[in-house]
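Student: Here is a sequence with its predicted model. Questions after.
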Amino acid sequence: MTDGVLLVHAFPLDARMWQEQQSSLAGRVPIAAVNLPGFGGTSLNGDVTTMELAAQRIVQELDRIGFDRAVVCGLSMGGYVTLELWRRHSDRVLGLVFANTKAEPDSEEGKQRRREVADLVLAEGTAAILEQMRTLVSLEATSDVWGFVEGIVRSQTPEAVAAASLGMASRPDSRPDLSGIDVPTLVISSEGDRLIASEVTAGMAEAIPGAEFAIIDGAGHLSNVERPIEFNRLLEQHLQRCGLLRGS
Ligand code: MLT
(Lines give C-alpha, C1' and ligand atoms only; values in the text may rest on other atoms or scores of the structure.)
Protein backbone atom coordinates (compact mmCIF):
# COMPACT_ATOMS: atom_id res chain seq x y z
CA MET A 1 0.00 0.00 0.00
CA THR A 2 1.17 3.51 -0.78
CA ASP A 3 -0.04 7.11 -0.51
CA GLY A 4 -1.10 9.09 -3.59
CA VAL A 5 -3.40 11.66 -5.11
CA LEU A 6 -7.02 10.88 -5.98
CA LEU A 7 -9.02 13.25 -8.20
CA VAL A 8 -12.82 13.36 -7.96
CA HIS A 9 -14.74 14.80 -10.91
CA ALA A 10 -17.55 17.34 -11.28
CA PHE A 11 -21.14 16.85 -12.52
CA PRO A 12 -21.87 15.60 -15.17
CA LEU A 13 -18.35 14.70 -16.29
CA ASP A 14 -15.99 11.86 -15.56
CA ALA A 15 -12.37 11.13 -14.69
CA ARG A 16 -11.20 12.40 -18.10
CA MET A 17 -11.67 16.00 -16.95
CA TRP A 18 -8.43 15.57 -14.98
CA GLN A 19 -6.21 14.68 -17.95
CA GLU A 20 -4.00 17.78 -17.58
CA GLN A 21 -3.39 17.09 -13.90
CA GLN A 22 -2.69 13.40 -14.48
CA SER A 23 -0.26 13.99 -17.32
CA SER A 24 1.57 16.73 -15.43
CA LEU A 25 2.03 14.62 -12.28
CA ALA A 26 2.42 11.15 -13.79
CA GLY A 27 5.73 9.57 -12.80
CA ARG A 28 6.27 12.12 -10.02
CA VAL A 29 3.60 10.96 -7.58
CA PRO A 30 1.10 8.07 -7.56
CA ILE A 31 -2.05 9.62 -9.05
CA ALA A 32 -5.48 8.39 -10.14
CA ALA A 33 -8.88 9.80 -11.02
CA VAL A 34 -12.05 7.98 -9.97
CA ASN A 35 -15.30 7.67 -11.91
CA LEU A 36 -18.28 8.18 -9.62
CA PRO A 37 -21.14 5.64 -10.01
CA GLY A 38 -22.43 5.41 -13.59
CA PHE A 39 -19.96 7.94 -15.00
CA GLY A 40 -17.22 7.10 -17.47
CA GLY A 41 -18.94 3.81 -18.35
CA THR A 42 -18.83 2.44 -14.79
CA SER A 43 -21.69 0.64 -13.05
CA LEU A 44 -24.53 2.59 -11.51
CA ASN A 45 -25.86 1.71 -8.08
CA GLY A 46 -29.59 2.54 -7.96
CA ASP A 47 -31.67 5.53 -9.01
CA VAL A 48 -30.11 7.98 -6.56
CA THR A 49 -26.35 8.31 -6.18
CA THR A 50 -26.26 9.46 -2.58
CA MET A 51 -23.08 11.00 -1.24
CA GLU A 52 -22.67 7.80 0.78
CA LEU A 53 -22.72 5.61 -2.34
CA ALA A 54 -20.34 7.94 -4.11
CA ALA A 55 -17.92 7.95 -1.16
CA GLN A 56 -18.07 4.15 -1.12
CA ARG A 57 -16.95 4.19 -4.76
CA ILE A 58 -13.93 6.26 -3.75
CA VAL A 59 -12.97 3.78 -1.03
CA GLN A 60 -13.34 0.89 -3.49
CA GLU A 61 -11.08 2.75 -5.91
CA LEU A 62 -8.47 3.44 -3.22
CA ASP A 63 -8.48 -0.27 -2.36
CA ARG A 64 -8.34 -1.31 -6.02
CA ILE A 65 -5.34 0.87 -6.87
CA GLY A 66 -3.58 0.15 -3.58
CA PHE A 67 -3.61 3.62 -2.01
CA ASP A 68 -3.58 3.43 1.76
CA ARG A 69 -4.27 7.17 2.05
CA ALA A 70 -4.70 9.92 -0.50
CA VAL A 71 -4.66 13.64 -0.93
CA VAL A 72 -8.22 13.79 -2.25
CA CYS A 73 -8.99 16.60 -4.67
CA GLY A 74 -12.67 17.12 -5.46
CA LEU A 75 -14.07 19.74 -7.78
CA SER A 76 -17.69 20.86 -7.29
CA MET A 77 -19.75 17.63 -6.99
CA GLY A 78 -16.39 15.96 -6.39
CA GLY A 79 -16.02 18.26 -3.38
CA TYR A 80 -19.46 17.32 -2.01
CA VAL A 81 -18.45 13.67 -2.21
CA THR A 82 -15.03 14.34 -0.70
CA LEU A 83 -16.75 15.92 2.32
CA GLU A 84 -18.71 12.68 2.76
CA LEU A 85 -15.51 10.67 2.45
CA TRP A 86 -14.00 12.83 5.18
CA ARG A 87 -17.01 12.21 7.46
CA ARG A 88 -16.91 8.44 7.01
CA HIS A 89 -13.33 7.49 6.18
CA SER A 90 -10.97 10.21 7.40
CA ASP A 91 -8.38 7.49 8.03
CA ARG A 92 -7.93 7.25 4.23
CA VAL A 93 -7.36 11.01 3.85
CA LEU A 94 -3.86 12.49 3.95
CA GLY A 95 -4.84 15.93 2.71
CA LEU A 96 -7.70 17.69 0.94
CA VAL A 97 -8.27 19.97 -2.01
CA PHE A 98 -11.71 21.50 -2.43
CA ALA A 99 -12.03 23.25 -5.78
CA ASN A 100 -15.01 25.35 -6.93
CA THR A 101 -17.27 23.76 -4.38
CA LYS A 102 -19.22 24.52 -1.21
CA ALA A 103 -20.35 22.95 2.05
CA GLU A 104 -23.96 24.22 1.97
CA PRO A 105 -26.81 21.91 0.96
CA ASP A 106 -29.26 22.85 -1.81
CA SER A 107 -32.10 25.28 -1.23
CA GLU A 108 -35.64 24.04 -1.94
CA GLU A 109 -35.49 25.74 -5.37
CA GLY A 110 -32.12 24.12 -6.00
CA LYS A 111 -33.53 20.68 -5.17
CA GLN A 112 -36.43 21.30 -7.53
CA ARG A 113 -33.99 22.20 -10.33
CA ARG A 114 -32.10 18.95 -9.71
CA ARG A 115 -35.35 16.97 -10.06
CA GLU A 116 -36.10 18.80 -13.31
CA VAL A 117 -32.63 17.96 -14.68
CA ALA A 118 -33.17 14.30 -13.76
CA ASP A 119 -36.60 14.21 -15.43
CA LEU A 120 -35.29 15.97 -18.53
CA VAL A 121 -32.33 13.67 -19.17
CA LEU A 122 -34.41 10.56 -18.54
CA ALA A 123 -37.05 11.78 -20.99
CA GLU A 124 -34.85 13.30 -23.69
CA GLY A 125 -31.28 12.10 -23.18
CA THR A 126 -28.11 13.73 -21.89
CA ALA A 127 -27.79 16.08 -24.87
CA ALA A 128 -30.90 17.91 -23.62
CA ILE A 129 -28.89 19.55 -20.81
CA LEU A 130 -25.86 20.54 -22.88
CA GLU A 131 -26.96 24.13 -23.33
CA GLN A 132 -27.41 24.72 -19.59
CA MET A 133 -24.05 23.05 -18.95
CA ARG A 134 -22.26 25.90 -20.72
CA THR A 135 -22.08 27.60 -17.31
CA LEU A 136 -19.45 24.99 -16.40
CA VAL A 137 -16.96 27.19 -18.25
CA SER A 138 -16.36 30.93 -18.20
CA LEU A 139 -17.80 33.34 -20.74
CA GLU A 140 -14.27 33.65 -22.17
CA ALA A 141 -13.67 29.91 -22.59
CA THR A 142 -12.32 28.92 -26.01
CA SER A 143 -14.25 26.61 -28.30
CA ASP A 144 -11.56 23.98 -27.65
CA VAL A 145 -12.23 24.10 -23.93
CA TRP A 146 -15.99 23.90 -24.40
CA GLY A 147 -15.61 21.15 -27.03
CA PHE A 148 -13.57 19.08 -24.56
CA VAL A 149 -16.16 19.52 -21.80
CA GLU A 150 -19.12 18.98 -24.11
CA GLY A 151 -17.65 15.74 -25.43
CA ILE A 152 -17.31 14.33 -21.92
CA VAL A 153 -20.81 15.44 -20.86
CA ARG A 154 -22.42 14.06 -24.03
CA SER A 155 -20.97 10.60 -23.42
CA GLN A 156 -22.61 10.11 -19.99
CA THR A 157 -25.74 7.99 -19.71
CA PRO A 158 -29.00 9.73 -18.74
CA GLU A 159 -29.37 7.28 -15.85
CA ALA A 160 -26.00 8.26 -14.33
CA VAL A 161 -26.72 11.97 -14.75
CA ALA A 162 -30.21 11.69 -13.24
CA ALA A 163 -29.01 9.62 -10.28
CA ALA A 164 -26.19 12.07 -9.51
CA SER A 165 -28.53 15.04 -9.79
CA LEU A 166 -30.96 13.47 -7.29
CA GLY A 167 -28.06 12.48 -5.04
CA MET A 168 -26.75 16.04 -4.89
CA ALA A 169 -30.26 17.25 -4.02
CA SER A 170 -30.29 14.99 -0.98
CA ARG A 171 -26.78 15.80 0.25
CA PRO A 172 -26.42 16.95 3.84
CA ASP A 173 -25.17 20.26 5.17
CA SER A 174 -21.41 19.80 5.52
CA ARG A 175 -20.74 23.09 7.30
CA PRO A 176 -20.70 21.52 10.78
CA ASP A 177 -17.84 19.24 9.67
CA LEU A 178 -15.46 21.94 8.49
CA SER A 179 -14.04 22.97 11.87
CA GLY A 180 -13.00 19.35 12.55
CA ILE A 181 -10.84 18.99 9.45
CA ASP A 182 -7.31 18.42 10.71
CA VAL A 183 -5.37 17.51 7.56
CA PRO A 184 -3.64 20.05 5.26
CA THR A 185 -6.34 21.59 3.09
CA LEU A 186 -6.28 23.78 0.00
CA VAL A 187 -9.43 25.54 -1.19
CA ILE A 188 -9.51 26.85 -4.77
CA SER A 189 -12.00 29.08 -6.50
CA SER A 190 -11.95 31.06 -9.71
CA GLU A 191 -12.88 34.52 -10.73
CA GLY A 192 -15.23 33.53 -13.54
CA ASP A 193 -17.12 30.73 -11.75
CA ARG A 194 -20.75 31.16 -12.80
CA LEU A 195 -22.06 28.28 -10.67
CA ILE A 196 -20.45 28.69 -7.25
CA ALA A 197 -19.35 32.23 -6.43
CA SER A 198 -15.84 32.58 -5.07
CA GLU A 199 -17.19 34.23 -1.88
CA VAL A 200 -19.11 31.04 -1.11
CA THR A 201 -16.07 28.82 -1.63
CA ALA A 202 -13.96 31.29 0.38
CA GLY A 203 -16.34 30.69 3.31
CA MET A 204 -15.27 27.05 3.34
CA ALA A 205 -11.61 28.02 3.62
CA GLU A 206 -12.37 30.36 6.51
CA ALA A 207 -14.13 27.57 8.41
CA ILE A 208 -11.36 24.95 7.97
CA PRO A 209 -8.50 25.39 10.46
CA GLY A 210 -5.30 26.39 8.68
CA ALA A 211 -6.73 26.00 5.15
CA GLU A 212 -5.03 27.78 2.27
CA PHE A 213 -7.24 29.67 -0.16
CA ALA A 214 -6.48 30.69 -3.75
CA ILE A 215 -8.46 32.28 -6.55
CA ILE A 216 -7.53 31.50 -10.15
CA ASP A 217 -7.95 34.43 -12.52
CA GLY A 218 -9.64 34.03 -15.87
CA ALA A 219 -11.15 30.62 -15.21
CA GLY A 220 -14.73 29.46 -14.84
CA HIS A 221 -16.19 26.67 -12.72
CA LEU A 222 -13.97 23.93 -14.20
CA SER A 223 -10.84 25.78 -13.15
CA ASN A 224 -8.56 22.76 -13.66
CA VAL A 225 -9.68 22.50 -17.30
CA GLU A 226 -9.60 26.20 -18.14
CA ARG A 227 -6.38 27.11 -16.32
CA PRO A 228 -4.43 23.86 -15.92
CA ILE A 229 -1.03 25.51 -15.44
CA GLU A 230 -2.23 27.65 -12.51
CA PHE A 231 -4.29 24.79 -11.07
CA ASN A 232 -1.36 22.36 -11.29
CA ARG A 233 0.98 24.83 -9.63
CA LEU A 234 -1.40 25.17 -6.64
CA LEU A 235 -1.91 21.42 -6.50
CA GLU A 236 1.82 20.70 -6.58
CA GLN A 237 2.54 23.21 -3.80
CA HIS A 238 -0.12 21.51 -1.73
CA LEU A 239 1.28 18.05 -2.42
CA GLN A 240 4.61 19.35 -1.14
CA ARG A 241 2.89 20.57 2.04
CA CYS A 242 1.33 17.11 2.40
CA GLY A 243 4.74 15.46 1.99
CA LEU A 244 3.77 13.65 -1.21
CA LEU A 245 5.97 15.62 -3.60
CA ARG A 246 9.43 17.01 -3.12
CA GLY A 247 10.09 20.69 -3.89
CA SER A 248 11.68 21.41 -7.27
C1 MLT B 1 -20.56 20.37 -10.61
O2 MLT B 1 -19.79 21.00 -11.33
O3 MLT B 1 -20.24 19.30 -10.07
C4 MLT B 1 -21.94 20.91 -10.42
O5 MLT B 1 -22.02 22.18 -10.96
C6 MLT B 1 -22.28 20.91 -8.98
C7 MLT B 1 -23.64 21.43 -8.72
O8 MLT B 1 -24.49 21.44 -9.63
O9 MLT B 1 -23.91 21.79 -7.56
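Tutor: It's in.
Student: average model confidence for the biggest strand by length in the chain?
Tutor: Assignment by DSSP state E gives strand 67-75 as the longest strand of the chain. Average pLDDT, strand 67-75: 98.
Student: And stretch 117-133, by the same measure?
Tutor: For stretch 117-133, the per-residue pLDDT averages 98.
Student: Now that stretch: buried residues?
Tutor: 117, 118, 120, 121, 122, 126, 129, 133 (16 or more other Cβ atoms under 10 Å). Every residue, glycine included, has its C-beta placed from N, CA and C.
Student: Quick one: end-to-end length of it, please.
Tutor: 11 Å (Cα to Cα, to the nearest Å).
Student: In CSV: the buried residues of stretch 117-133, plus distance to the ligand.
Tutor: Formatted as CSV, these follow (distance: Cβ to the nearest ligand atom, whole Å):
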residue, distance to the ligand
117, 9
118, 12
120, 14
121, 13
122, 17
126, 15
129, 11
133, 9
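Student: Rebuild those residues as CSV, extending it with distance to residue 29 and secondary structure.
Tutor: Putting those into CSV (distance: Cβ to Cβ, whole Å; DSSP: H, G, I helix; E, B strand; the rest coil) gives the following:
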residue, distance to residue 29, secondary structure
117, 35, helix
118, 37, helix
120, 40, helix
121, 36, helix
122, 39, helix
126, 33, helix
129, 35, helix
133, 31, helix
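Student: In those residues, find the pair that's most separated.
Tutor: Greatest spatial distance among the buried residues of stretch 117-133 (Cβ to Cβ): 122 and 133, at 16.3 Å.
Student: Tell me the helices and strands packed up against the longest strand of the chain.
Tutor: strand 2-8, helix 51-65, helix 77-89, strand 93-99, helix 228-241 (3 or more Cβ pairs under 8 Å, 6 or more residues apart in numbering; DSSP states H and E).
Student: Please repeat the previous calculation with a cut-off of 7 Å.
Tutor: Helices and strands touching strand 67-75, by 3 or more Cβ pairs under 7 Å, 6 or more residues apart in numbering; DSSP states H and E, are strand 2-8, helix 77-89, strand 93-99.
Student: Could I get these in a markdown table, plus columns for mean neighbour count and distance to residue 197?
Tutor: Converted to a markdown table, these look like this (neighbours: other Cβ atoms under 10 Å; distance: least, Cβ to Cβ, whole Å):
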| stretch | mean neighbour count | distance to residue 197 |
| --- | --- | --- |
| strand 2-8 | 23 | 21 |
| helix 77-89 | 24 | 14 |
| strand 93-99 | 26 | 14 |
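Student: a markdown table please, covering these and showing distance to the ligand.
Tutor: Putting those into a markdown table (distance: least, Cβ to the nearest ligand atom, whole Å) gives the following:
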| stretch | distance to the ligand |
| --- | --- |
| strand 2-8 | 10 |
| helix 77-89 | 3 |
| strand 93-99 | 10 |
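Student: Can I get the ones you listed in a markdown table including distance to residue 185?
Tutor: Converted to a markdown table, the helices and strands packed on strand 67-75 look like this (distance: least, Cβ to Cβ, whole Å):
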| stretch | distance to residue 185 |
| --- | --- |
| strand 2-8 | 14 |
| helix 77-89 | 10 |
| strand 93-99 | 4 |
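Student: re earlier: could I get the buried residue list for the longest strand of the chain?
Tutor: Within strand 67-75, the residues scored as buried using 16+ other Cβ under 10 Å are 67, 69, 70, 71, 72, 73, 74, 75.
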